[in-house]
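Student: A structural model of the following input is requested.
(2 chains)
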Amino acid sequence: ETGVTQTPRHLVMGMTNKKSLKCEQHLGHNAMYWYKQSAKKPLELMFVYNFKEQTENNSVPSRFSPECPNSSHLFLHLHTLQPEDSALYLCASSQESGGGPYNEQFFGPGTRLTVL
Amino acid sequence: AQSVTQLGSHVSVSEGALVLLRCNYSSSVPPYLFWYVQYPNQGLQLLLKYTSAATLVKGINGFEAEFKKSETSFHLTKPSAHMSDAAEYFCAVREYSSASKIIFGSGTRLSIRP
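Tutor: Predicted structure coming up:
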């Protein structure tokens, strides 16, 4: 595997279900990100992890719970979601979350989530 | 605060024609600017980036963009469109001090007519 991978690619869940999204990066990066991409809206940054520590939480509802056990893996645990949470969830990674001209983000293919 | 505006949510050009996707930014400090492409059912792929070196930036797949400070613009161009260029294109602006503080535009969907 190369780059950033995400599983599953598609997920359908009911509002009472609990599921998890997984992201893995094979780039040796130290920062990982969760984004939400909804139709007709700009990408929304949800969470940022730098060296396994959460550094940003952009007012995300508690029904979304991230976990970063190491610099290569990132999870998004989902429970009691709402239909409006249906979206494409993208994971990204970068060398670190600090500055510098070469610290760009690399994205995974996303998980298409549908909440019924 | 930084922001980015993409003019035109949908652009349609004929195969072989010039592609021009517009992006204007707002930033109180010298920005880093990016163009990403998203093909159907895929994540975002970096096309090119401006990081205060040359103002004309060449990217992958024959795309290029020119940073114009006086116009606060970073428009994306390609001389001759190909059917495979059909995708969603996102302009983004980022603070030089933080990789996480990147603001994406709302995207422009590019369609190519045979």
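
Student: Tell me the bridge partners for the residue positioned nearest the centre of chain B.
Tutor: Residue closest to the mean C-alpha point of chain B, counted by C-alpha atoms, centre = their mean, is residue B:35 at 3.4 Å. Assessed by DSSP bridges, residue B:35 has beta-bridge partners residue B:48, residue B:91.

Student: Can you name the residues that contact residue 8?
Tutor: Assuming you mean chain A. A:21, A:111 (C-beta atoms under 8 Å, 6 or more residues apart in numbering or on different chains). From N, CA and C alone the C-beta is placed, and that goes for glycine too.

Student: Sorry, I should have been clearer: chain B.
Tutor: By C-beta under 8 Å, 6+ apart, residue B:8 lies in contact with B:21-22, B:108.

Student: Apply 6 Å and report the result again.
Tutor: By C-beta atoms under 6 Å, 6 or more residues apart in numbering or on different chains, the contact set of residue B:8 is residue B:108.

Student: what's the answer for residue A:48, then?
Tutor: Residues near residue A:48 by C-beta under 6 Å, 6+ apart: A:33, A:55-56, A:97, B:100.

Student: Work out for me the element it sits within.
Tutor: For residue A:48, the host element (DSSP states H and E) is strand A:44-50.

Student: returning to what we had before: now list the buried members of the contacts of residue A:48.
Tutor: Neighbour counting over the contacts of residue A:48 (16 or more other C-beta atoms under 10 Å in any protein chain shown) leaves A:33, A:56, A:97, B:100 as the buried ones.

Student: Helix or strand: which one has the residue positioned nearest the centre of chain A?
Tutor: Nearest to the mean C-alpha position of chain A, by C-alpha atoms, centre = their mean, lies residue A:34 at 2.7 Å. Element membership of residue A:34 [criterion: DSSP H and E] is strand A:31-37.

Student: Check the gap between the residue nearest to the centre of chain B and residue A:46 for me.
Tutor: 23 Å (C-beta to C-beta, to the nearest Å).

Student: where in chain A is pLDDT low?
Tutor: Low-confidence segments of chain A (pLDDT under 70): A:1, A:101.

Student: same check, this time on chain B
Tutor: Judged against pLDDT under 70, chain B has no low-scoring part.

Student: mind listing the strands for the chain?
Tutor: Since you didn't name a chain, this refers to chain A. Assigned by DSSP state E, chain A shows strands spanning A:4-7, A:10-13, A:18-25, A:31-37, A:44-50, A:53-57, A:64-70, A:73-79, A:87-94, A:106-107, A:111-115.

Student: wrong one, I was asking about chain B
Tutor: Using DSSP E, strands in chain B cover B:3-7, B:10-14, B:19-26, B:32-38, B:44-50, B:56-58, B:64-68, B:73-78, B:87-94, B:102-104, B:108-113.

Student: Output those strands in JSON lines; the columns should cover distance to residue A:72.
Tutor: Putting the strands of chain B into JSON lines (distance: least, C-beta to C-beta, whole Å) gives the following:
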{"stretch": "strand B:3-7", "distance to residue A:72": "30"}
{"stretch": "strand B:10-14", "distance to residue A:72": "38"}
{"stretch": "strand B:19-26", "distance to residue A:72": "33"}
{"stretch": "strand B:32-38", "distance to residue A:72": "23"}
{"stretch": "strand B:44-50", "distance to residue A:72": "20"}
{"stretch": "strand B:56-58", "distance to residue A:72": "31"}
{"stretch": "strand B:64-68", "distance to residue A:72": "32"}
{"stretch": "strand B:73-78", "distance to residue A:72": "32"}
{"stretch": "strand B:87-94", "distance to residue A:72": "24"}
{"stretch": "strand B:102-104", "distance to residue A:72": "21"}
{"stretch": "strand B:108-113", "distance to residue A:72": "33"}
